[in-house]
Structure formats: structure tokens, C-alpha cells
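S.K.: this one's sequence-less:
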């Protein structure tokens with residue numbers, strides 16, 4: 001499976017979030033969006049919790065045994081998720097989350113071994 005369109009842009013943004021210490025703010029934004037969407041995102045709920053947990057554990061220094069590129073992809077996927085205007089704007093009922101689901105699925109498949117190890 002190839003990288004989703006425009007995902008490279010989010011990888012660059014993720015680098016800035018990690019280096020700039022803005023990861024906790026991003027995780028809070030993910031939590032808020034996930035709560036607002038409720039059952040609309042039931043399919044993404046467990047995936048988002050896993051990725052958020054990984055990022056929080058990394059931020060706290062509790063889990064550092066992750067490939068830096070995998071961490072970057074996870075943060076980029078979370079950034080993509082909170083971005084209101086991505087490939088399909090989130091204000092489109094149900095359709096707005098299809099591209100988010102595709103990105104999250106790609107990250108989960110691409111970095112399966114890293115995420116399973118966590």
C-alpha cells in the first residue's frame with residue numbers, strides 16, 4: 001500500500017510538532033475531536049487510542065523503543081486526523097472521516113511491527 005496523497009506534508013509538520021514540544025497539545029486536540037464525533041468514528045476509536053497512548057508514553061519517556069520514522073508517521077497521522085481541511089473536509093457527514101480512516105489504516109499497516117511491539 002503506498003503512502004496517502006499529501007501525507008508527506010504532514011510528515012514535515014509532525015517533525016516540527018515533535019521538536020517544538022507541541023505533542024501534548026496535539027494529543028488533546030485528537031481527544032476533543034474524537035469525543036465530538038462520537039459514534040461516527042467508532043471504527044477509528046481503538047486505533048486513535050493506541051496511537052495517542054504511544055505518543056504519550058514516548059513524550060513521558062516511558063517508551064522510547066520505537067523507530068523515529070514510525071513515531072513521525074504516527075504524529076503525522078494524528079495531525080491529519082485533526083486537520084479540518086484535508087482531502088475530504090470533516091464537515092461532510094461520514095465522508096469527511098473516510099480519508100482520515102485511510103491514513104490511519106496506512107500507518108497501522110506500514111508500521112505494524114513497531115505498533116505491535118508497543
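M.R.: Arrived safely. Here the structure is a predicted model, which means the values were calculated and not measured.
S.K.: so the residue most central in space within the chain is in which element?
M.R.: In the chain, the C-alpha nearest the mean C-alpha coordinate belongs to residue 78, at 2.3 Å (CA atoms, centre = their mean). With secondary structure defined by DSSP states H and E, residue 78 is part of helix 68-82.
S.K.: buried residues, that helix. List them.
M.R.: By neighbour count with 16 or more other CB atoms under 10 Å, helix 68-82 contains the buried residues 70-82. Every C-beta, even on glycine, is put in place using the N, C-alpha and C of the backbone.
S.K.: okay, those residues in TSV with distance to residue 27 next?
M.R.: Formatted as TSV, the buried residues of helix 68-82 follow (distance: CB to CB, whole Å):
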residue	distance to residue 27
70	17
71	13
72	15
73	16
74	11
75	9
76	14
77	12
78	7
79	11
80	14
81	11
82	10
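S.K.: how near is residue 17 to residue 98?
M.R.: Note on residue 17: its distance to residue 98, by CB to CB, to the nearest Å, is 24 Å.
S.K.: looking at these two, which one has more neighbours?
M.R.: Shown here are residue 17 and residue 98; by other CB atoms under 10 Å, residue 17 has more neighbours (20 against 11).
S.K.: pretty sure that one is touching residue 75, no?
M.R.: Yes. Under the criterion of CB atoms under 8 Å, residue 17 makes contact with residue 75 at 5.8 Å.
S.K.: that older thread, now pLDDT too, for the buried residues of helix 68-82, in JSON lines please.
M.R.: What follows is these, written out as JSON lines (pLDDT from 0 to 100):
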{"residue": "70", "pLDDT": "97"}
{"residue": "71", "pLDDT": "97"}
{"residue": "72", "pLDDT": "97"}
{"residue": "73", "pLDDT": "97"}
{"residue": "74", "pLDDT": "98"}
{"residue": "75", "pLDDT": "98"}
{"residue": "76", "pLDDT": "97"}
{"residue": "77", "pLDDT": "96"}
{"residue": "78", "pLDDT": "96"}
{"residue": "79", "pLDDT": "96"}
{"residue": "80", "pLDDT": "92"}
{"residue": "81", "pLDDT": "91"}
{"residue": "82", "pLDDT": "90"}
